[in-house]
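J.: only the shape, not the letters, is given here:
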């Protein structure tokens, strides 16, 4: 019935199919009940059914029903949609008279058009409902031009209109509520539509932006499923998992072609950037090679977790940068350095050998030869540093030794240049510090750190060397009160060939290899080196190495 539908004929009115559905649920029940009643009336009193008023009323109801299906009410305004229930009221007024004496309940059919009107017109239907019901109830008295006879007829003439009005009012109020909710729902629908459209526009813009970036960008959800990926990511994935021909129709399944920095060692699935990112590990800047041999791509990945404003994680975005050209440049540079260094080392060694022979043969030239030898030694040291920086120096041979003794000896051997430069050099240790070290390599570490501290110290400043241990860690620190290093340059000091602006400003000699060699040697000892510095207030380099068990003392 209309009160249970929730949408009026005009509101529905976008297609004929919706109009048909509406009429089936509203007008058709009234017409079916009226048709059944007519059949029963014909059995009870066929002469009354043939009464002209009844025939006219039944004809009006039939026309109203057909009109509901045929007339395109959805194209009209709301007021025209109530024509059908009003015609039903007129039909009931004509049909009621011949059967009221035998079947007084026939007038209850007024409830069908009243519910329709109540839902269409809502609270405004009250007057129409009362008038329509009064017409149906009072039609016989108006036709006979007489008053109701007896209390029963008076009660019926009053109670039925009042009851129908009450029901109509209740349905009208409910209709107001439903229509209000519908308007609110429609406004929300419009807003959601605008929001969805805006989100689609933003998604299209985001995809366009990411596709213009050469880096591979992938957004994973918390379960590891891909939410967004750009064209570069698709190309990288195709290179990592190229199609493999299979003798069967089933595609061959192979492991992704992802390799370590040596380009041959496969990377385990759990060690790939994707898995490490989902585990929340910190990016380390490692290089992975992707693809088959001969067409590999070097990538370095970074990632971060994406969270809502309330802190709940949405997923993880992984950005992989193509560093193939950079790695190729580094390879060419290293090969060039290796070639040049070897080509220089051999003639330098011969020169220094002949210098010794000349010195022995002609003592009068010893002073001049010292200058030549000093510069040859310096040039040979630079060549050796180049080879060491390229990774072509000797590998460390770890053995249990007293780190404090090794450092102290290296400090004592370096005192002369400090005294000549007017820089105070001090050494302090907490006693014997046993660690697995390569004494020659650690001596080289101390030499480079002291040389670096001396270069960047003014006359009258000081350099302090300290060795101690705690909690299984041996610590070597070299502190100076020299020029210091700015924060933006501190992360670069361990890079090969890096020269701080202060070195260029004060014309400090060097190739920018010493600290790079220091870091390499420390890492070969399974240790680490850090820097703390403030521009104009000096710097402190701290080396940390794992300690070894103390050596047993002899009896």
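T.: Good, I have the coordinates. From a predicted model like this one, the values you see are computed outputs, not experimental measurements.
J.: hang on, isn't residue 516 packed against residue 494?
T.: Yes - counting by Cβ atoms under 8 Å, residue 516 does reach residue 494; the two are 5.8 Å apart. For glycine as for every other residue, the C-beta is placed from the backbone atoms N, C-alpha and C.
J.: how many neighbours does residue 32 have?
T.: 11 (other Cβ atoms under 10 Å).
J.: next up, the contacts around it.
T.: Residues in contact with residue 32 (Cβ atoms under 8 Å, 6 or more residues apart in numbering): none are found.
J.: ok, it to residue 16 distance?
T.: 21 Å (Cβ to Cβ, to the nearest Å).
J.: and what of residue 196?
T.: Taking Cβ to Cβ, one finds residue 196 at 29 Å from residue 16.
J.: ok, now residue 548?
T.: 93 Å.
J.: where does pLDDT dip in the stretch 251-400 of the chain?
T.: Along the stretch 251-400 of the chain, the parts satisfying pLDDT under 70 run over 251-254, 333-346, 348, 350, 352, 354-357, 359-371, 373-375, 377-378, 380-396.
J.: how about the helices in it?
T.: For the stretch 251-400 of the chain, the helices defined by DSSP state H, counting those that start in this stretch occupy 273-278, 324-361, 366-389.
J.: what of the stretch 451-555 of the chain?
T.: 487-490, 501-505, 514-524.
J.: weakest of these by average pLDDT?
T.: Among the helices of the stretch 451-555 of the chain, helix 501-505 carries the lowest mean pLDDT, at a mean of 54.
J.: and residue 10, what's its pLDDT?
T.: Value listed for residue 10 in the pLDDT field: 46.
J.: same deal with residue 78?
T.: On the pLDDT scale, residue 78 gets 52.
J.: out of residue 548 and residue 16, which sits in the more crowded spot?
T.: Taking other Cβ under 10 Å, residue 548 and residue 16 do not tie; residue 548 has more neighbours (18 against 12).
J.: do I have it right that that one meets residue 434?
T.: Yes - between residue 548 and residue 434 there is a contact at 4.9 Å, judged by Cβ under 8 Å.
J.: intersection of neighbour lists for these two?
T.: residue 400.
J.: hmm, who's touching stretch 57-65?
T.: Here stretch 57-65 makes contact (Cβ under 8 Å, 6+ apart) with 23, 27-28, 30-31, 34, 38, 83-84, 87-88, 90-95.
J.: buried residues in that stretch?
T.: For stretch 57-65, burial by neighbour count (16 or more other Cβ atoms under 10 Å) applies to 57, 58, 60, 61, 64, 65.
J.: can you flag which of those belong to helices?
T.: Counting by DSSP state H, the part of these found in helices is 57, 58, 60, 61, 64, 65.
J.: how near is the fifth one to residue 89?
T.: Spatial separation of residue 64 from residue 89 under the definition Cβ to Cβ is 10 Å.
J.: ok, now the first one?
T.: Taking Cβ to Cβ as the measure, residue 57 falls 10 Å from residue 89.
J.: next: the last one.
T.: Spatial separation of residue 65 from residue 89 under the definition Cβ to Cβ is 14 Å.
J.: what residues of stretch 25-33 count as buried?
T.: 26, 27, 30, 31.
J.: again but with stretch 519-537, I slipped
T.: Those would be 519, 520, 521, 522, 525, 527, 529, 533, for stretch 519-537 by 16+ other Cβ under 10 Å.
J.: would you turn those residues into TSV with distance to residue 205?
T.: Converted to TSV, those look like this (distance: Cβ to Cβ, whole Å):
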residue	distance to residue 205
519	44
520	46
521	51
522	48
525	51
527	49
529	46
533	44
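J.: ok, so of those, who is nearest residue 440?
T.: Nearest to residue 440 out of the buried residues of stretch 519-537 is residue 521 (Cβ to Cβ; 9.8 Å).
J.: wouldn't the closest one be in contact with residue 447 here?
T.: No - using Cβ under 8 Å, residue 521 is not in contact with residue 447, being 10.8 Å away.
J.: name the element residue 35 belongs to?
T.: helix 16-44 (DSSP states H and E).
J.: coming back round to it: which one of the buried residues of stretch 25-33 is nearest to residue 210?
T.: For the buried residues of stretch 25-33, the nearest to residue 210 is residue 26 (54.0 Å; Cβ to Cβ).
J.: tell me how far the closest one lies from residue 206.
T.: For residue 26, the distance to residue 206 equals 49 Å [Cβ to Cβ].
J.: also residue 405?
T.: From residue 405 over to residue 206 (counting by Cβ to Cβ), the distance is 62 Å.
J.: ditto for residue 180
T.: Residue 180 is 38 Å from residue 206, by Cβ to Cβ.
J.: ok, how many other residues are close to residue 263?
T.: Neighbours of residue 263 using other Cβ under 10 Å come to 14.
J.: and if you look at residue 50?
T.: Neighbour tally, residue 50, other Cβ under 10 Å: 11.
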